[in-house]
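Asker: below is the sequence, then the predicted model.
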Amino acid sequence: MRILITNDDGIEAPGLAVLHDIATQIAGSADNVFTVAPAYEQSGVAHCISYTDPMKIARFSDNKFSIEGSPADCVMAGLYEVLADKKPDLILSGVNRGNNTSQNSMYSGTLGAAIEGAMHHIRSIALSQFMGPKCPDDDKFSAARAHGVQVIRALLDHAPWHADPYELFYNVNFPPVAGDKVRGTRSVVQGYRDSIPFSTQPQVAPNGRKFLWITGGPHHAPTAPGSDTHANIEGYI
């Protein structure tokens, strides 16, 4: 199996290294895993593509490339440049540092990559690690590392993939606990958190110019039972 991996945290992100380990186990060999990831962090760009600007591509090795563009750009570069001779069987995006549940999923570049993959009729999965005080200090990605392979194989073997005219993709969020504390897996609806509307915070620089920072609310506010954030906080993937 040939696997293309990407993310929105950037080519040097620790979650991408975790994903490479997961993908290698599924592919059977690191030779079958190809990385095309943003040259720098692209969090919050959703399904953005660089429609009006060219993208610089840099080669680190035969199987590793960076793109000065969005996660969706990386998928297209992977499909039509890096793997143009033979398309991948699977696209994995992540492992994102932070959850992509409720409203976060609407902004997520991690999901944007999976959406782009699905639009090209390739099975695509986004993976994110919910962060919190119960994540082990020595491995914040403990839950993803322990359960990522199992969850992806279950989706490949048992989940529906085809819809008309758009393909399905999957959004997987690992709970903010150690790997041995994960309680199981749930299929849930997207939640809604009243406490997390994004807004702007002004700041005046020393030269008198005004800048605006994007701010949001707390991510650990639970959503309704049977929805994504609630399941994660309760310890479920």
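Answerer: Here it is on my side, so go on. Numbering: from 1, shown residues only.
Asker: contacts, neighbours, all on C-alpha from now
Answerer: Noted.
Asker: which residues of the protein score low on pLDDT?
Answerer: Scanning the chain for pLDDT under 70 picks out 196.
Asker: can you map out the helices along it?
Answerer: For the chain, helices defined by DSSP state H occupy the ranges 14-27, 71-77, 104-107, 109-119, 142-158, 228-233.
Asker: tell me which residues of the longest one come out buried.
Answerer: Of the residues in helix 142-158, those buried by neighbour count under the rule 16 or more other Cα atoms under 10 Å are S142, A143, A144, R145, A146, H147, G148, V149, I152.
Asker: let me know the closest of those residues to Q103.
Answerer: Ranked by distance to Q103 (Cα to Cα), the buried residues of helix 142-158 are led by A144 at 21.2 Å.
Asker: am I right that the closest one is in contact with Q129?
Answerer: Yes: with contact defined as Cα atoms under 8 Å, A144 reaches Q129; the gap is 6.3 Å.
Asker: between the two, what contacts are shared?
Answerer: Between them, A144 and Q129 share these contacting residues under Cα atoms under 8 Å, 6 or more residues apart in numbering: V95, F174.
Asker: which residues touch I49?
Answerer: G69, S70, A72, D73.
Asker: er, T223 actually
Answerer: Residues near T223 by Cα under 8 Å, 6+ apart: S102, G191, Y192, R193, T229, H230.
Asker: repeat that with 6 Å
Answerer: T223 makes contacts with G191, Y192, R193, T229, H230, as judged by Cα atoms under 6 Å, 6 or more residues apart in numbering.
Asker: separate out the buried members of these.
Answerer: In terms of neighbour count (16+ other Cα under 10 Å), the buried residues within the contacts of T223 are G191, Y192, R193, T229, H230.
Asker: ok, back up a step: now the contacts of T223 in TSV, with distance to N173?
Answerer: Formatted as TSV, the contacts of T223 follow (distance: Cα to Cα, whole Å):
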residue	distance to N173
G191	13
Y192	15
R193	16
T229	9
H230	11
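Asker: between the residues you listed, which is closest to A30?
Answerer: When the contacts of T223 are compared against A30 (criterion: Cα to Cα), the nearest one is T229, at 32.9 Å.
Asker: how close does K87 sit to N104?
Answerer: Relative to N104, K87 is positioned 30 Å away (criterion: Cα to Cα, to the nearest Å).
Asker: what about the two, which has more around it?
Answerer: Using other Cα atoms under 10 Å, the more surrounded residue of K87 and N104 is N104, with 22 against 15.
Asker: what about that one, distance to H158?
Answerer: Counting by Cα to Cα, the gap from N104 to H158 is 27 Å.
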